Structure formats: C-alpha cells, structure tokens
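Undergrad: here's my sequence, what's the structure:
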Amino acid sequence: MREARVPMLDPAVVLREASIGYGDHLIQEKMNITIDRGEFVAVLGPNGAGKSTLLKAVLGLLRPVAGEVAVLGERARRGNRRIGYAPQFRALETDFALRARDLVGFGLDGHRWGPGWPSRRRRALIDSVIEEVSAAEYADVPVGELSGGEKQRLLIAQALLADPELLLLDEPLANLDLARAKEIIELVERLCRTRNVAVLFVTHDINPLSSIVDRVLYLANGRSTIGTPAEVITRETLTALYGKPVEVVEAMGKLFVVGVEI
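TA: Modelled structure (predicted):
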C-alpha cells in the first residue's frame, strides 16, 4: 500500500450528501465521499447494498435522489468518455463467435451494427490496449473459447480505449479461481499506478486486495464509510455501519467478517 495521498483540488469522484436509489426506494443515503485521481479504491458490501447502483450514479445513468455526484470536476453525466467501465461479464455466451479483438473494438463503435469499419488507426489502438492487458496471444481467438480470466482482460482492454481518467470495474473477480483473480488484481494495480487512473473496484472479498488498495469504500444498511482496510474492516466500524454486532476474525492471514452477509 502506498503512502497517504495529499487531496487534490479536482478529485476523480465527489459525492456530497448524495442519496441514490430508484423512486422512493433509497439504497444509500447522504453519502459524502471523495476519491482522488490515481487512487485505487475497493468497493465492498452485501448484495443490494448499492455497489452497482453507485457505479450507475457515477456513470450518469442514475441521477441522485438528493445531493450531488461530481466526476472529474463536473456533474455526473451519460457518455462521459473520461470514464472507462468494465461491466460484469457473467453473461458472455460460450458460443459467442466474435474474435477477442472484435469484442474489445466495441469500446470504440459498439453503438454501430457490426464490429465497425476497419482502419489502420483503429486497429493500432485496439492492438495497443490488448497488449497492455497481456491478451495479444488470443486476440484472434473466438470469445466463446476463452476462459473467464481472459474475457475479463478483454473487458478491461475495452474500458481503456478512451484513455480514461477513472476506471469502474463491476465485480471483475466474479467466478474466477484464486490464481486468475490474483492476475486480474495485479493487472488493475499496474494500470492504476502507471496510468495514474482512479479505480473503483467492486468486490465481495477484501483479502486479495487488502495490501494493494489505497482505501475501502464499504456500503451496508443504507450507509457508507471509507478508509484504509485497517480502519474499515474492524469490529467497531462494521458494527456501527450495520447497526448490529459484527465480529472481524483474523485467521491464516485472512480477515473474516462474522455475523452479516458480505
């Protein structure tokens, strides 16, 4: 973990008294959160706590019910090319016939029918991000033949095409074994540090990330808290967040949260 950062005047994400939800159903209330540029933040919490909803608010797909969501110095809005987004890949079909590079190319022209018009500049850009995520060896392989970890690399490559200043990753470790999860974490950390891009990394398990991330944003029970893993993943902090007794047990070098769903 790096040394504590000096806050910047133009952070990557700022939520000011922001309440988010759908209609009358509030999922998170009065969030006051600042994410600095170049900061690696894990977003944790049980199912339904608002992790994916938060990403939608940052992407401008969901307006806050109250308060403000600012991204890179402006109000959150749809189609912000300064944000890279990698959604959950769970639904990619095994018989998906497109090549890996075609899937990545949707980050440039996925709104069109088909994989887009070929051009030297377009191909060079796609090749560069595929290389950056170490996926060149299977760039021309049909997506349906790839492993979960390989597909996740392609979604991250797709998110890099616009040279983003903020990278949102929605459960990139879902359905990956420990070895592949470790590779994805190392890849994202490298991108965060070398590109100085802020990362919001949604996950259910802090253990593989605890020594890497700068801070943890934990959502539960309509409330949120942010701090270093050592500050957030504690009995006192989580008991206050959930509003009921929570125990944090350390065993075999890992942290286990007992008494609630995570």
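
Undergrad: who touches the closest residue to Pro87 other than its chain neighbours in this structure?
TA: Excluding the flanking residues, the one nearest Pro87 by Cβ to Cβ, 6 or more residues apart in numbering is Asp170, at 5.3 Å. Where you see a C-beta, it was placed from the backbone N, CA and C, and this is true even at glycine. By Cβ atoms under 8 Å, 6 or more residues apart in numbering, the contact list for Asp170 reads Lys51, Ser52, Leu55, Tyr85, Ala86, Pro87, Gln88, Val202.

Undergrad: neighbours of the last one, how many?
TA: Residue neighbour count, defined by other Cβ atoms under 10 Å, stands at 23 for Val202.

Undergrad: the first one now?
TA: Other residues lying near Lys51 total 23 when counted by other Cβ under 10 Å.

Undergrad: pLDDT at it, what is it?
TA: pLDDT for Lys51: 95.

Undergrad: quickly list what the spatially closest residue to it that is not a sequence neighbour is bridged to.
TA: Among residues not flanking Lys51 along the chain, Val202 sits closest, at 4.7 Å (Cβ to Cβ, 6+ apart). Beta-bridge partners of Val202, counted by DSSP bridges, are Val43, Asp170.

Undergrad: my guess is Val202 meets Asn47, correct?
TA: No: if you go by Cβ atoms under 8 Å, Val202 and Asn47 don't touch, sitting 11.4 Å apart.

Undergrad: so where's the stretch 151-262 of the chain uncertain?
TA: Applying pLDDT under 70 to the stretch 151-262 of the chain flags the ranges 261-262.

Undergrad: make it 80
TA: 251-254, 256, 258-262 (pLDDT under 80).
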